[in-house]
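**Q** Take a look and give me a structure for this.
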Amino acid sequence: MRALLGGIADAFEDSNFRRYSVGSVVSWLSFFVQAVAVSWTAWDLTHSTRWLAIVALMDAAPNIVLMPLGGVIADRHDRFRILLISYAFAMLQAAALAGLAFAGQLTIGLLAALAFLHGTIHAFSVPAQFGLLPRFVEPRRLSSAIGVSAAYTQLGIFIGPALAGWVILHFGSAIAFATNVVGYGIFFGFVALLRTPAGYEQPAASGKAVMADFLDGLRAAARHRGIAAILAVMLFGDALAAAVRQMAPAFADTALGAGVEGLSILLAGAGVGATLSALWLAHGGARRAAPSTILWAFLGFLLALVALMLAQSLVAASLAMIALGCFFEICRTGTVALLQVSVPDELRGRVMSTQFLPLRLAGALGVLAVGAAAEDWGLRAPMLCGAALAFLVWGAAFRMRERIASAFSAHCA
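**A** Model (predicted):
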């Protein structure tokens, strides 16, 4: 059985990782339940793709501005404490959304303001969480744990929205917001059981100025030719995937005429695809996330996106979403896993925030561009134009795939 499970079994032999994973999986699922509920509520209140884009941008803007500071703080201070404080504020933000929704007082202005608060909080939680595993997981199991953690974290991006569609359909957005409050509560309960292994030492802070620390992380990412190339491809991937995710309510309602029921089915399809690829990646651990695998998966993602935009029925669109979820899960999980095993622990928070920053910016700009263009031309045309541009970037990266693989091999050796 252990041989069958591969890296999954190796990672879960660590008791700390088992406890952390339960809390983390639940919180990631509830996090994305709330994210979809925010998008659906924005659509329900305004029926405007422009407002969908504005709310998404309000969440992304503080992420983009404050993420570098969050990465520096994560490398200077106790990442676990930073994560707990951030999640406490996130729990309060989710409670505010739920309370306003239950009271019928949630306006588009309040929704946008709370989205801004949400983005601010997670500018600090994300770098801390990416650098947390070395504190609690034995070094010999760290590679497997990173692979499994990256798989279920990225899996939450697809399973959470699928769950959100079901919750919104049957219980409404207020319950979806309340789900995130419960998710954070479960996370706190499980991480309270974590114990720091004997001999662990917090990486020493550099003693440099904040900007100097940030620039160190930026230089480390820029000097790594493999990271730079993969991130160039994923800029377009995140822009398109974020647009699909944020515009899904409008696509289901207007392009397919299927309403919230169609939204639930589409998101469930993406969740099924993501689950299959996440299990495959987790079985192989971080080592399975090879650069060539990411590049081939990105091509599959683009083809699935084109199929989705050309779909004329809910069945065809759902099949395309299964493929899209499968391929993009490989891309995102592979990218995160590659980066985590390619950088030293003392730089991990800064490098992870450095990669997250442009991807978050690309996602925000993708949503904004598609949302604005869709007001006049519909969703299909801008999404297909974006896919065509992404294909050109993929072609350039594919031609240099051997050099990309060599760069990662040198840093992981």
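
**Q** Low-confidence ranges, the stretch 301-413 of the chain, go.
**A** Along the stretch 301-413 of the chain, segments meeting pLDDT under 70 span 341-358, 407-413.

**Q** what about 50?
**A** Residue ranges of the stretch 301-413 of the chain with pLDDT under 50: 411-413.

**Q** and if you look at the chain?
**A** Counting by pLDDT under 50, the chain has low-confidence residues at 411-413.

**Q** I'd say Ala94 and Val33 touch.
**A** No: look at Ala94 against Val33 with C-beta atoms under 8 Å: they stay out of range, at 9.8 Å. (Glycine included, C-beta is placed from N, CA and C.)

**Q** what do the two both touch?
**A** Asn180 (C-beta atoms under 8 Å, 6 or more residues apart in numbering).

**Q** Which one of these two is surrounded by more residues?
**A** Using other C-beta atoms under 10 Å, the more surrounded residue of Ala94 and Val33 is Val33, with 29 against 26.

**Q** I figured the more buried one hits Ala162, correct?
**A** No: judged on C-beta under 8 Å, Val33 makes no contact with Ala162 at a distance of 9.4 Å.

**Q** just the helices in the stretch 151-300 of the chain please.
**A** 173-191, 210-223, 225-250, 259-284, 291-310 (DSSP state H, counting those that start in this stretch).

**Q** can you check the stretch 301-413 of the chain too?
**A** Secondary structure of the stretch 301-413 of the chain by DSSP H, counting those that start in this stretch: the helices cover 314-342, 345-377, 380-399, 401-412.

**Q** deepest of these, which one?
**A** helix 314-342 (a mean of 24; mean count of other C-beta atoms under 10 Å).

**Q** Distance-wise, check Ala90 relative to Gly119.
**A** Separation of Ala90 from Gly119 (C-beta to C-beta, to the nearest Å) stands at 11 Å.

**Q** Could you do Ser15 as well?
**A** For Ser15 relative to Gly119 (C-beta to C-beta), the value is 34 Å.

**Q** neighbour-wise, which of these two wins?
**A** More neighbours surround Gly119 than the other of Ser15 and Gly119, with 23 against 13 (other C-beta under 10 Å).

**Q** What strand or helix carries the more buried one?
**A** Assigned by DSSP states H and E, Gly119 belongs to helix 108-130.

**Q** In that helix, which residues are buried?
**A** 108, 111-112, 114-130 (16 or more other C-beta atoms under 10 Å).

**Q** Same question for stretch 267-277.
**A** Leu267, Ala268, Gly269, Ala270, Gly271, Val272, Gly273, Ala274, Thr275, Ser277.

**Q** Count the neighbours of the closest residue in space to the second one that isn't next to it in sequence for me.
**A** Yep, that's Ala268 we're talking about. Spatially, and ignoring its direct neighbours in sequence, Ala268 is nearest to Ala162 (4.1 Å; C-beta to C-beta, 6 or more residues apart in numbering). The tally of other residues near Ala162 (other C-beta under 10 Å) stands at 27.

**Q** Correct me if wrong: Leu114 contacts Leu97.
**A** Yes: Leu114 lies in contact with Leu97 (C-beta under 8 Å); the separation is 5.7 Å.

**Q** separation between Val315 and Ile322?
**A** 11 Å.

**Q** The residue nearest to Ala268: what's it in contact with?
**A** Ala162 makes contacts with Ser264, Leu267, Ala268, Gly269, Ala270, Gly271, Val272, as judged by C-beta under 8 Å, 6+ apart.

**Q** could those go into TSV alongside distance to Asp78?
**A** Below are the contacts of Ala162 laid out as TSV (distance: C-beta to C-beta, whole Å):
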residue	distance to Asp78
Ser264	40
Leu267	36
Ala268	39
Gly269	40
Ala270	36
Gly271	34
Val272	38
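
**Q** can you tell me which residues contact Ala311?
**A** Ala311 touches Leu256, Ala317, Ala320, counting by C-beta under 8 Å, 6+ apart.

**Q** Brilliant, that's me finished.
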